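[1] For reference, the sequence and a predicted model appear below.
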There are 4 protein chains.
Amino acid sequence: MEKCSFNLPDVQAGKPSVPINLTRVGVTNVKKLVEIKRKDKRPIVLISTFDVFVDLPSDRKGANLSRNFEAVNEILEKILSLPVYEIEQLCSDIAHNLLGRHEYANQAEVRMKSEYMLKRKSPATGRDCQEVVNIFAEASAVRGDQATDYFDVKKLIGAEVIGITACPCAQEIMRDKAATELANLGVEKEKIVTFLERVPMATHNQRGRGIISIKVAHDFDVSLESIINIIENSMSSSVYEVLKRADEKMVVEKAHKNPKFVEDCVRTMADNVVKDFPALPDDAVITIRQINEESIHRHNAFAERVALMGDLRKEIKGQ
Amino acid sequence: MEKCSFNLPDVQAGKPSVPINLTRVGVTNVKKLVEIKRKDKRPIVLISTFDVFVDLPSDRKGANLSRNFEAVNEILEKILSLPVYEIEQLCSDIAHNLLGRHEYANQAEVRMKSEYMLKRKSPATGRDCQEVVNIFAEASAVRGDQATDYFDVKKLIGAEVIGITACPCAQEIMRDKAATELANLGVEKEKIVTFLERVPMATHNQRGRGIISIKVAHDFDVSLESIINIIENSMSSSVYEVLKRADEKMVVEKAHKNPKFVEDCVRTMADNVVKDFPALPDDAVITIRQINEESIHRHNAFAERVALMGDLRKEIKGQ
Amino acid sequence: MEKCSFNLPDVQAGKPSVPINLTRVGVTNVKKLVEIKRKDKRPIVLISTFDVFVDLPSDRKGANLSRNFEAVNEILEKILSLPVYEIEQLCSDIAHNLLGRHEYANQAEVRMKSEYMLKRKSPATGRDCQEVVNIFAEASAVRGDQATDYFDVKKLIGAEVIGITACPCAQEIMRDKAATELANLGVEKEKIVTFLERVPMATHNQRGRGIISIKVAHDFDVSLESIINIIENSMSSSVYEVLKRADEKMVVEKAHKNPKFVEDCVRTMADNVVKDFPALPDDAVITIRQINEESIHRHNAFAERVALMGDLRKEIKGQ
Amino acid sequence: MEKCSFNLPDVQAGKPSVPINLTRVGVTNVKKLVEIKRKDKRPIVLISTFDVFVDLPSDRKGANLSRNFEAVNEILEKILSLPVYEIEQLCSDIAHNLLGRHEYANQAEVRMKSEYMLKRKSPATGRDCQEVVNIFAEASAVRGDQATDYFDVKKLIGAEVIGITACPCAQEIMRDKAATELANLGVEKEKIVTFLERVPMATHNQRGRGIISIKVAHDFDVSLESIINIIENSMSSSVYEVLKRADEKMVVEKAHKNPKFVEDCVRTMADNVVKDFPALPDDAVITIRQINEESIHRHNAFAERVALMGDLRKEIKGQ
C-alpha cells in the first residue's frame, strides 16, 4: 500500500472524492522486537505491538503507510547503538520521526504495548520469581508554524499489574460470626478482640488488576518502575510465581489483614501517586483503574478515577 | 458485595481513608438476555454485555453494587411488557433508574454491546443469509439541583460491520501491466480502454471492519439500522454468509469495480452520515473508523475521523 | 467459494495436483441464531458458533462449501416447526444432512458452542439471577456401504461453568495459626475445636472453571442440564449474579466450609458423573477438567481426567 | 498451593475422598522469558507461555505445584550457560526434570507457545522486514520400571504462519469474463490466451493461516525453521511487513498467478513435508491445517489433514 510513483499516477497523492480531513491514518497491530540497553542492568528485550498514525489533510486521498515502518525501524535501530535509553521515550521519538517523513501531516501519534518481565523474590523463602506485567505508552507530536518545526506535545506512560484483593465487607460478616461463636463458647470479650486482631477472618478474595496511566508534556520524565511499584503495593497483597508453604501463608495472611474494595485500591493508588511523584505538574492527567475478577460472581467489580494531578493533590491534602 | 446493614456496621457507607471522589464505580462484563418487541417485526433477542457505573463522593467508602443489577433487571423486565421498544433507548433508561437507587451518586453511566443478527439475501441468487454485526450503546445521566431531579445528558449508539475492501493502488499497477501487455499484443488503445472499463483488474482485497458511533443528547433518536446500512454500503462490497457461484461473481466484480483505501471508506461513511442524518444536531459527536485486515501484511491498515456533525457538514458542503 | 458449474469448468470438481485425501474441509466461526422450543418451558434462543466439515477424497480438488450452510439452515428451519427439540441432537442432525449433500464425502463433522443463560435464585434472599454458562456439542457421521446409507457414530455434549474454589492447604495453615493464638490466649482445646468446626478460617479463593464433556454413540441421550448441575455442585460454592448481604455471607461461608483443590473438583465431578448417569455406557468417553484462576498467582491451576465411563465406575466402586 | 509439611499435616499428600487417578495436574498460562544461544547467530529471546503437568495416582490428594516452576526454572537457567541449544529440545528437558521432582508421578507433560520474530527481505526492493510467527512445542515423558528410570516418549513441534491466499474458482469466473469481453472487442483467441497467461485476473484473496505440527519420538530432531519455511511457501504468496510499490506489485502478481483453495494449501504443505523431511520416521504424526479468513464472508474456510508420515508418503508417491 505504498505510493504509486514512477510512471503511474500516485494514487495516494490524488484528490479524494469526499474532501474531508482524517484524524488518524496508519497501521495497527505491528509487532516488533525492541531491545533497550540500561545503565548497570541487563538489557530489556520486548515484543511490542505498535499502532502508528498521522493525520491526513482533506486534499489528499491516502497516506504512505510504508513510511510508518521506516520511522519505527529507524528509531529501533538507533536505540540499539545507544549506551542508555529509556523505554518511556520510545513513542515520542517515533512520533517525531514520523512528522519528518509525512510532509503533508500535521500530527503524528504512536501507541505501544508490551508484556514486561519483572524479577521478584517470594516474600518468605526468597525464591526467584518472574512476574509478567503489561506496560503501555503513547505519544503525539504536532507540526509547528514552519514545515520543519515540530514538537512533541503529550506522552502517556502506564502499566497494568495483577495482585490479590480481599473483600472488607464479607470479612466483617465473618468477624461478627467468629465473635458471636467465641462469646457463645464463653470466651471473654477482651480475648476475642485480641484474637481477631491477630487472626484475620475469611472473606472472598480474587485476582485484581490495577492500572495507572500518566499523561504529561513530552519533556517530563515519568518512571515506569515507580508506576509498577505503586500498583503492586495498592492491592491487598502482591502475587508471586512461586510460593512455598511459608510464602503462601504470608501472602494469604497479608491479604486478609489488608482487605480492600475496588474503590480502596483506586484511592490507595491515588494517594501513592501523589506521594511518589511530587514533581509531576498539576496539569498531568492521571487515570487510575482497578478491576476485580470477583470470585463470588461471573462479572467484575470496577472503579476508576480520572483527574488532573493538581486536583488529586488538593483532594488528598484537604483531608 | 452488598451493603452490610442490619446489626453490623455498613462497611460501604463508612469513610474512606483516602477521601477522594471516584469517577466510576460499578460492575463490568455482566451478561444479560435482552428481549425487545418491535412494530410489525419478530422480536429481537440479544445476549448483551453490560458495564454499569455510578460516581462515588469522597466521603463514602463503597458503592452498593447489587443495586446496579436491580436497575438493569427492572428495566429489562419493564420492556418485556411494552408493545414497542427501541434498543437505542435501553442504556438511557437504565442510567435513569440508577440515579434513583444510588442516592449518593451524581452521575450514572451504562455501556452495552451485543452481537446482532441481520437477515440479508445473497446478491444474485437471493439465498437467505444471516449476518452478524456488533452493536453498542452508551448513556450517562446526571443529577440536577434537587436530589430527585435528574436528567440524561448524552447517549451514544454505534455498530461495527464487516465487508470487503479492494486496494486502488495495487489495482492501478495491475491495470498498467494489463494495458502494456495488450498494447504489446497489438490491441488498439481504444479497445484496451474499453476492456479495462468492463473488466476490473486484480488487486489485494481483504476483510474490512467499518465502525460508526454517534453521540447525541439523550432525547434525539438515532436509528441503529441506518448506521448499519451506511457502514455496509461504504466498503468495496458487502459480504454474505452464503454465496452460490453467480453471487460470488457479483461480489468479486463489485468489489473490484469499487476499490477503496481505508481512508476512502471513512470518507464515504462520513458523506453518507451527512446525507442520511439530516436532522442530527451540529453538536453530535461522530466517530468513524475503518480497519482493514490487509491480505498482504500481518498488520492492519486503519483510518479514523472524529468530528462534530456541524464540522462534517461544512467540510462536505464546501467541496 | 461455490461450484463453478454452468459453462465454466467446475474448479472444485477437478483433480488436485497433490492427490491426498483431507480429513476435514469446511467452514469455521459461522454464527447462527438458534431457536428451540421445549416442553413446558420458554423457548431457548442462542447465538451459536458452528464449525462444519466433511472429508474430501484424494481425487477431488475442493468441497462445495456453500452446501454446509444449506445443511445448517435446513435443520435450523426444521426445528423451528417442531413442538419439542433437544439441543443435544442438533449437531447430529446437521452431520446427517451434510452427508446427503456432499455425495463425495464419507464423513461429516459438526461442532457448536454457545453462551446459555440459566435462571437461578440467590441462596439466602432468593433474588432472580441470570447466570451465563458455555455449552458445546459435536457430532460426526460416517457413510455406510451404500452411498445412501449413513449413520451417526459419535456425539459429544459438554458445558463450562464458573464457580468459586477455596484452597484447603492455605486454610489448614490459617486454622493452625488460629488454634495456636486461641491456645496462647488460654482458650481450652475443646472450645478451640468447636470454634474451628463452626467458623471456617481464611484461605485464598478464586474463580474456578469446571468443564465436563461426554462422548457417546449418537442414539444415547445425555442431559445438558445434568452436566451443568454436576459442575455447579462440584466446586466450593456456586456463584451468583446478585448477592445481597445475607447471600454473600452464605456463599463465603459455604465455600470456606468446603475447600477444594483443582484435583478435588475433578474427582467430585467424576463421582457425580458416575452417580447421576447410571445408564451411560461403559465405552462413553468422559473428559473432566478444572481450571482455577489462582488469586495468589498470575497463572492458573489445572487438573484433568480423561477416562472411559467403565474405568471411572470401577475406580470409584473399588474405593 | 505448596506442600504443607513441617508441623502441619501435608494436605496434598493425604488421601482423596474420591480415589481416582488424574490424567493431568499442573499449572497453565505460565509466562517465562526464554533466552537461547545459537551457533553463529544472535541469541533468541522469547516470551513463552507454558503449561506444565504431571499425572496423579488415586491415593494422593494433590500435586506439589511449585515443583513445576522449579523444573522450568532449572532448565531455563541451564540453557543460559550452554553455548548452543535447540528450542525444539526445551519441552523434553523440562518433562524429564519433572519426573525427577514428582516422585509419585508416572508421566509428565509440557506445552509451550511463543511469538517468534523472523527476519525477511521484501521481495523486490529488499527492505528489512520483521515477521512474527507463532511457534509451539509439546513433550511428554513416562517413568520406566524403576522409579529413577524414565524416558521421554513423544515430542511435538509446530508453527503457525500468516500468508495470502487467492481463490482459484472466482478467478476462473473473472478469466472467463475477460476472455468474453476481449473476444467481443474482436481480439483474436490466440492473443487472448497469451494475455491471460501473462496477466492474472482478479479474485478474492485474504489472510490465510497455515499450521503444521509434527509429533515424533523424543530423540528425533525436527527443524522448526524447515516447518516455518514450508508453511510460508505453501500459500499463494508470503506476506511482508514493509512493501514499497515494486514489492506490492510482486506480491499481488505472485498471489494471483498461484491461486489456492484451503484444500490446495494443505496438500502443498503435505507434499513439501514429504519432500523436505526425508528422514522423518513413518510413525511420525503430521497435522496440517489451513484457515482462510475469507474476504467475501464473515466466516473462515478450513482444511486439515491428520496422518502418519508413512501414509502421506504412500499417497503422494502413488500419484
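    Great, that's in hand. Residues are numbered from 1 along each chain as shown, chains lettered A, B, ... in the order given.
[2] Going by C-alpha atoms from here, please, whenever you check contacts or count neighbours.
    Fine.
[3] Tell me where the stretch 101-250 of chain A has helices.
    A:168-184, A:189-198, A:224-232, A:245-257 (DSSP state H, counting those that start in this stretch).
[4] Is the first one positioned near chain C?
    Yes. Helix A:168-184 lies in contact with chain C when judged by C-alpha under 8 Å from any C-alpha of the partner chain; the contacting residues are A:170, A:173-174, A:177-178, A:181-182.
[5] And for the third one?
    No. With C-alpha under 8 Å from any C-alpha as the threshold, helix A:224-232 lies outside contact range of chain C, at a closest distance of 12.7 Å.
[6] Just the buried positions in that helix, please.
    A:224, A:227-228, A:230-232 (16 or more other C-alpha atoms under 10 Å in any protein chain shown).
[7] Please apply the same query to the second one.
    Buried residues in helix A:189-198, counting neighbours by 16+ other C-alpha under 10 Å, are found at A:191-192, A:195-196.
[8] And the furthest pair within the residues you listed?
    Farthest-apart pair in these is A:K191 and A:L196; separation 8.5 Å (C-alpha to C-alpha).
[9] Mind listing the shared neighbours of those two?
    By C-alpha atoms under 8 Å, 6 or more residues apart in numbering or on different chains, A:K191 and A:L196 have no common neighbours.
[10] Locate A:K275 within the secondary structure: which element?
    Secondary structure from DSSP states H and E places A:K275 in helix A:262-276.
[11] How about A:K37?
    Element membership of A:K37, judged by DSSP H and E, is strand A:22-38.
[12] Any buried residues in that strand, and which?
    A:22-37.
[13] and if you look at stretch A:179-186?
    Using 16+ other C-alpha under 10 Å as the test for burial, stretch A:179-186 gives A:179, A:181-182.
[14] again with stretch A:10-26
    Neighbour-count burial for stretch A:10-26, counted by 16+ other C-alpha under 10 Å, picks out A:10-13, A:16-26.
[15] of all these, which two lie farthest apart?
    Most distant of the buried residues of stretch A:10-26, by C-alpha to C-alpha, are A:D10 and A:T23, 21.9 Å apart.
[16] how close does A:R245 sit to D:V306?
    To D:V306, A:R245 is 45 Å away according to C-alpha to C-alpha, to the nearest Å.
[17] Strands of the stretch 1-150 of chain A, start to end?
    Ranges of strands within the stretch 1-150 of chain A are A:22-38, A:41-56, A:107-121, A:128-143, A:150-166, based on DSSP state E, counting those that start in this stretch.
[18] Give the pairing partners of the third one; include direction for each.
    Listed by DSSP bridges, the sheet partners of strand A:107-121 and their directions read strand A:41-56 (antiparallel), strand A:128-143 (antiparallel).
[19] among these, which is the most enclosed?
    strand A:128-143 (a mean of 22; mean count of other C-alpha atoms under 10 Å in any protein chain shown).
[20] Give me the angle between that one and helix A:224-232.
    Relative orientation of strand A:128-143 and helix A:224-232, computed by axes from the mean of the first three to the mean of the last three C-alpha atoms, to 10 degrees: 120 degrees.
[21] Now A:K191. Nearest residue, chain neighbours left out?
    C:L185 (6.6 Å; C-alpha to C-alpha, 6 or more residues apart in numbering or on different chains).
[22] returning to that earlier point: highest neighbour count among the residues of helix A:168-184 next to chain C?
    A:A170 (29 neighbours; other C-alpha atoms under 10 Å in any protein chain shown).
[23] right, and that residue touches A:T203 too?
    Yes. A:A170 is in contact with A:T203 according to C-alpha atoms under 8 Å; the separation is 5.3 Å.
[24] Spit out the residues that contact those two alike.
    Overlap of the contact sets of A:A170 and A:T203 (by C-alpha under 8 Å, 6+ apart) consists of C:V252.
[25] one step back: okay, now the sheet partners of the helix or strand following the helix holding A:K275, with direction.
    Next in sequence after helix A:262-276, counting helices and strands by DSSP H and E, comes strand A:285-292. The strands beside strand A:285-292 in its sheet (DSSP bridges) come out as strand A:205-217 (antiparallel), strand A:300-308 (antiparallel).
[26] that older thread, in a markdown table, list the buried residues of helix A:224-232 along with distance to A:E86 and pLDDT.
    Below are these laid out as a markdown table (distance: C-alpha to C-alpha, whole Å; pLDDT from 0 to 100):
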| residue | distance to A:E86 | pLDDT |
| --- | --- | --- |
| A:L224 | 9 | 94 |
| A:I227 | 14 | 98 |
| A:I228 | 15 | 97 |
| A:I230 | 19 | 98 |
| A:I231 | 20 | 98 |
| A:E232 | 21 | 97 |
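[27] need those residues in a markdown table with distance to chain D, can you?
    Output for those, formatted as a markdown table (distance: C-alpha to the nearest C-alpha, whole Å):
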| residue | distance to chain D |
| --- | --- |
| A:L224 | 20 |
| A:I227 | 21 |
| A:I228 | 18 |
| A:I230 | 22 |
| A:I231 | 20 |
| A:E232 | 18 |
